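K.L.:
model the structure of this input:
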Amino acid sequence: MASPFKPDILKGKVALVTGGGSGIGFEISTQLGKHGALVAIMGRRRGVLDAAVDSLRLQGISAIGFEGDVRKNEDARRVLECTVKHFGRLDILVNGAAGNFLASPEDLSPNGFKTVLDIDAVGTYTMCHEAMKYLSKEGLGKSQSSGGLILNISATVHYTASWYQIHVSAAKAAVDSITRSLALEWGTDYGIRVNGIAPGPIEGTPGMQKLAPDVMRSKTLDYLPHYRVGEKWDIAMAVIYLASDAGKYINGATVVVDGGYWLSKPPEISKEQVKHFSRFIEEKSRSSPTSKL
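P.N.:
Modelled structure (predicted):
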């Protein structure tokens, strides 16, 4: 699918994407590169990283991969230092590393709960904390008027409540809070914009395979206003928008990219029943305008 953005809209920018070797993260890495950015990706699996970097380079993208775990301060620090040493600067940090699985609360151990919070919430904050000095308006290669951008990949599961997702709901609620707090404080003090993106059901991702087995997938489609799952491209385009000058006045927002799915719930009665009930009310009102229903 053709991008609506100019291919050089991010020319000269340097981006680091955690979890950038697969799924949504890889598509984000790809589109950042296709729009002119120099791309570093971070992940825990060397083989996945190498394959991703090879694929990016075959597309003409300047890319490098660094093995590391976002939960470890020393890994976060090393990867950021290596990215800046390799490319000379850092402009964009995308926190895409995440962990998830289906589990009922009674079957989810505290350790399992903690693991997801450590990856999603603590890992996000750790990367932000270590990246701040590079993204600050006083950082490498920055003007004195503006700094870099942090994009935190979130979700919508915590907006109400989601079955079998108590651990992720807690983690992503924390991620959204981190986004808002850093946007306030770092936007004011260092000129760093901090925003989030909350994907809905996305085709061809590990999350869709693990979290929406066939028995659940048909029900999910029933409640999607556009009756289709999203594409990884949809999330990547939101990243390009927020990373470009088109999004330069957006700070502290988490953009939901899910076709309206988070608003959906099964109808309590059918449309035909609604029409019948509405006609009944209208007719009764005409026959007895002062009656109380």
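K.L.:
who's in contact with the nearest residue to V122 once chain neighbours are set aside?
P.N.:
The shortest distance from V122 to any non-neighbouring residue, by C-beta to C-beta, 6 or more residues apart in numbering, is to R71 (6.2 Å). Just so you know, the C-beta spots here come from the backbone N, C-alpha and C atoms, and that holds for glycine as well. Contacts for R71 (C-beta atoms under 8 Å, 6 or more residues apart in numbering) come out as 118-119, 122-123, 126.
K.L.:
of these, which pair is most distant in space?
P.N.:
Longest distance between any two of the contacts of R71 is 10.2 Å, between I119 and T126; criterion C-beta to C-beta.
K.L.:
got any residues that touch both of these two?
P.N.:
Common neighbours of I119 and T126 (C-beta under 8 Å, 6+ apart) are 70-71.
K.L.:
about what we covered before: name the SS class of the residue nearest to V122, please.
P.N.:
The three-state label for R71, taken from DSSP: H, G, I helix; E, B strand; the rest coil, comes out as coil.
K.L.:
check I9 too.
P.N.:
Local secondary structure at I9 is given as coil here, using three-state DSSP.
K.L.:
quick check: what element follows the element among helices and strands of the chain having the smallest mean pLDDT along the chain?
P.N.:
Counting by mean pLDDT, DSSP states H and E, the weakest-scoring helix or strand in the chain turns out to be helix 214-223, with a mean of 54. Note on helix 214-223: by DSSP states H and E, the next helix or strand toward the C-terminus is helix 232-243.
K.L.:
so where's the protein shaky on pLDDT?
P.N.:
140-145, 204-227, 265-271, 273-278, 280-281, 285, 288-293 (pLDDT under 70).
K.L.:
if we go to 50?
P.N.:
Confidence mapping of the chain against pLDDT under 50 gives the ranges 215, 291, 293.
K.L.:
biggest helix in it, by residue count?
P.N.:
Secondary structure of the chain per DSSP state H: the longest helix is helix 166-190.
K.L.:
just the residues contacting that helix, thanks.
P.N.:
Residues from elsewhere that reach helix 166-190 (C-beta under 8 Å, 6+ apart): 95, 100, 103, 105, 108, 112-113, 116-117, 119-121, 124-125, 128, 132, 135-138, 147, 150, 152, 154-155, 157-158, 161-162, 192-196, 198, 251-252, 254.
K.L.:
those, buried ones only, as a ChimeraX selection?
P.N.:
Selection of buried members from these for ChimeraX, criterion 16 or more other C-beta atoms under 10 Å:
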select :95,100,103,108,113,116,117,119,120,121,124,125,128,132,135,136,137,147,150,152,154,155,157,158,192,193,194,195,196,198,251,252,254
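K.L.:
wait, what's in contact with the residue nearest to D234 when sequence neighbours are not counted?
P.N.:
If you skip the residues right next to it in sequence, D234 has V257 as its closest partner in space, 5.6 Å away by C-beta to C-beta, 6+ apart. Under the criterion of C-beta under 8 Å, 6+ apart, the contact partners of V257 comprise 197-200, 230, 234-235, 238.
K.L.:
mind putting those residues into a markdown table with distance to G19?
P.N.:
Rendered in a markdown table, the data for the contacts of V257 read as follows (distance: C-beta to C-beta, whole Å):
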| residue | distance to G19 |
| --- | --- |
| I197 | 13 |
| A198 | 15 |
| P199 | 12 |
| G200 | 18 |
| G230 | 18 |
| D234 | 17 |
| I235 | 12 |
| A238 | 16 |
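K.L.:
from the residues you listed, which is closest to S29?
P.N.:
If you rank the contacts of V257 by distance to S29 using C-beta to C-beta, I235 comes first, at 11.7 Å.
K.L.:
so that closest one sits against F26, correct?
P.N.:
No: at 11.1 Å, I235 does not count as touching F26 under the criterion of C-beta atoms under 8 Å.
K.L.:
how about the strands in this protein?
P.N.:
Defined through DSSP state E, the strands belonging to the chain, from first to last, are 14-18, 38-43, 63-67, 92-95, 149-153, 193-199, 254-257.
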